[in-house]
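# I'd like to go over a predicted model; first the sequence, then the structure.
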Amino acid sequence: MIENQFKMVPLFLHGSTTRRQRDEFVEEFQNRRNKWIFILSLKAGGTGLNLTAASHVVHYDLWWNPAVEAQATDRTYRIGQTKNVMVNRLLTKGTFEEKIDDMLKSKKNLANLTVASGEKWIGELSNEEMKEVFALR
């Protein structure tokens, strides 16, 4: 679809991409204007990249750990970034993706409570919130 719509072959980084290819793709994306679409699998593109040429990030797949998605997004928020970066997450309504997204939001909220507030956060939870945190499922 991208080839038909934009008349270009996008760069595509995935788990089988060699280190040399990876470096070449990053170089092309960062420095060549005719290579402005870079598709990365979430795990393969989540670490060790600086993609300051990016102005848009679109997450097509969700991961069970919210830190993995955040780390992938952070590839664009690096020293040298001069653009505003728009981040979009695509979810299909009425599917398991919504349930995963709800779970991710819950994990993020819990992580924010523990990291942002230090150790005193647990004393500030309501009885219902305490039950939810420690309930076995």
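Received it, and whenever you're ready, just let me know what you need.

# Mind splitting the protein into its structural domains?
For the chain, automatic domain parsing gives the domain ranges 1-90, 93-137.

# In the chain, where is pLDDT below threshold?
Where the chain drops to pLDDT under 70, the residues are 113-123.

# And the residue nearest the centre of it?
With distances taken as C-alpha atoms, centre = their mean, Glu69 lies nearest the centre of the chain, 2.8 Å away.

# any idea how far that residue lies from Glu124?
Going from Glu69 to Glu124 by C-beta to C-beta, to the nearest Å gives 27 Å. The way it works is simple: take the backbone N, C-alpha and C, and place the C-beta from them, glycine included.

# And for the residue lying closest to Leu125 once chain neighbours are set aside, the neighbour number?
With sequence-adjacent residues excluded and distances taken as C-beta to C-beta, 6 or more residues apart in numbering, Leu125 is closest to Val133, at 6.8 Å. Residues lying near Val133 (other C-beta atoms under 10 Å) number 11.

# Sounds good, over and out.
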